[in-house]
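Engineer: sequence and predicted structure are below.
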Amino acid sequence: MQYLSDDPVRLNTDGTAILAADQRLLPRRTETITLRTAGDVAGAIKTLAVRGAPCIGICAAYGVYISANAHAKEMPELFMQHLRDDAAVIEAARPTAVNLSWAVQRMMKCAAAHAAEPPAGIAAALRSEAERIHTEDIEICRSIAENGLTLLHDGASVITHCNAGALATSRLGTGLGPLLLGASRGMTFHAFVDETRPLLQGARLTAYELHRAGIDTTLMCDNMAAYRMAQGGIDACMVGCDRVAANGDTANKIGTLGLAVLAKHFGVPFYVFCPSPTIDRNCRTGADIRIEQREGSEITALHFAQPVAPEGIRCLNPAFDVTPAALITAIITETGIHRPPYDF
């Protein structure tokens, strides 16, 4: 099987910039973009060149570091002000995925802990912290995959939504991790991949990753999931997520809620995979999760040769929806398999 040759986000050789796989271009082209400033990092996250909650967190952490490195020759007070300003720009890039704010806040706590050192010393500490966040994610994804694999049997058929593989995290991914890990051990699976309108992360990214890994993959439109479940033989739905509330309500890519409702109706287990930092213990329920609203042109024009809707039509384009905890069979993290009632 074939994994990505590099993590989707990493530092360049001299540590002055971030190299990121431009996920807007996949699967047609594989290109790397260079992010040199906080504005570059925020822009890449906002435009979905960098996406996936854990990957966003890693990119944000490296973004705080490259800001510190760029300002390391300034006087301490000016250095800290620029660092705080740049961190705020990065943190504001997208509102729903908690890993973004979690990573920025963790980096700024690191900066505060080293405040007595000169700017260059703070920058060095921030690089180490960002690399630690990255390494931790690789280890977390491996543990999530191991835990999730215990829920699947050889030959299992699953439905996925959006993308929760290596492109969204590091190496194995979350929601796709058990499939990729199992395949590496000789197990076989059949994945039915929701295209995930309007940005087509399932079609462009999940199908791309699973196909490269040699997993039997069938792409289908989002509104075909009910048809496929009604035929029987689906063993699980497997998704990642961008934020989990303390009660287990889960925000994930738009369309996840509909898939969960279908799974409940047809008696199919619905599994959510995420690292522990994606659980927001300060968020009481899903009603407290802010849902990002995006431009209508993503629906009407983005992936079409020409617009497919009347000019000027009003569009509703929430990037995420919230699946109630009651519809979730289990939430799988690196610490284990959590079942209802959820109390994080």
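Structural biologist: Thanks, I have the structure now.
Engineer: how many other residues sit next to residue 289?
Structural biologist: Residues within reach of residue 289, counting by other C-beta atoms under 10 Å, total 21. C-beta coordinates here come from the backbone N, C-alpha and C atoms, glycine included.
Engineer: pretty sure it contacts residue 322?
Structural biologist: Yes - counting by C-beta atoms under 8 Å, residue 322 is a contact partner of residue 289 at 5.9 Å.
Engineer: overlap of the contact sets of those two?
Structural biologist: With contacts defined as C-beta atoms under 8 Å, 6 or more residues apart in numbering, the residues shared by residue 289 and residue 322 are 249, 251.
Engineer: all strands of the stretch 1-150 of the chain, in order?
Structural biologist: Secondary structure of the stretch 1-150 of the chain by DSSP state E, counting those that start in this stretch: the strands cover 9-11, 18-21, 32-35.
Engineer: any stretches of this protein with poor pLDDT?
Structural biologist: When residues are selected by pLDDT under 70, those of the chain lie in 1-6.
Engineer: show me what contacts the residue nearest to residue 340 when sequence neighbours are not counted?
Structural biologist: Of all residues not flanking residue 340 in the chain, residue 325 sits nearest, at 6.1 Å (C-beta to C-beta, 6 or more residues apart in numbering). Taking C-beta under 8 Å, 6+ apart as the definition of contact, the neighbours of residue 325 are 245, 247-250, 286, 340-342.
Engineer: what about 10 Å?
Structural biologist: 244-250, 272, 285-286, 331, 340-343 (C-beta atoms under 10 Å, 6 or more residues apart in numbering).
Engineer: make a ChimeraX selection of the buried ones in those.
Structural biologist: The ChimeraX command for the buried members of the contacts of residue 325 (criterion: 16 or more other C-beta atoms under 10 Å) is given here:
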select :244,245,246,247,248,249,250,272,286,331,342
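Engineer: can you tell me which of the contacts of residue 325 end up in strands?
Structural biologist: Taking DSSP state E, the ones among those that sit in strands are 244-245, 250, 272, 331.
Engineer: may I ask which two of the residues you listed are separated the most?
Structural biologist: Using C-beta to C-beta, the two most remote members of those are 245 and 272, lying 11.8 Å apart.
Engineer: output the longest helix belonging to the chain.
Structural biologist: Here the longest helix in the chain is taken by residue count, with DSSP state H as the criterion, and it is helix 119-149.
Engineer: so after that helix, what's the next helix or strand?
Structural biologist: Past helix 119-149, further along toward the C-terminus, the next helix or strand under DSSP states H and E is strand 157-160.
Engineer: could you name the helices and strands sitting against that next one?
Structural biologist: Applying 3 or more C-beta pairs under 10 Å, 6 or more residues apart in numbering; DSSP states H and E, one finds that strand 157-160 contacts helix 177-184, strand 190-194, strand 216-220, helix 225-230, strand 236-239, helix 256-266.
Engineer: got the domain ranges for this structure?
Structural biologist: Structural domains of the chain, as assigned by automatic domain parsing, span the residue ranges 9-142, 146-338.
Engineer: so how far is the first one from its chain's centroid?
Structural biologist: Okay, so that is domain 9-142. Here domain 9-142 is found 15 Å from its chain centre; the criterion is C-alpha atoms, centre = their mean, to the nearest Å.
Engineer: for residue 123, what are its contacts?
Structural biologist: Neighbour list for residue 123: 15, 64-73, 79, 83, 111, 114, 117 [criterion: C-beta under 10 Å, 6+ apart].
Engineer: these in helices, which ones?
Structural biologist: Secondary structure from DSSP H places 64-70, 79, 83, 111 of those in helices.
Engineer: can you tell me which of the residues you listed lies closest to residue 31?
Structural biologist: Set against residue 31, the nearest of the ones in helices among the contacts of residue 123 by C-beta to C-beta is residue 66 (19.9 Å).
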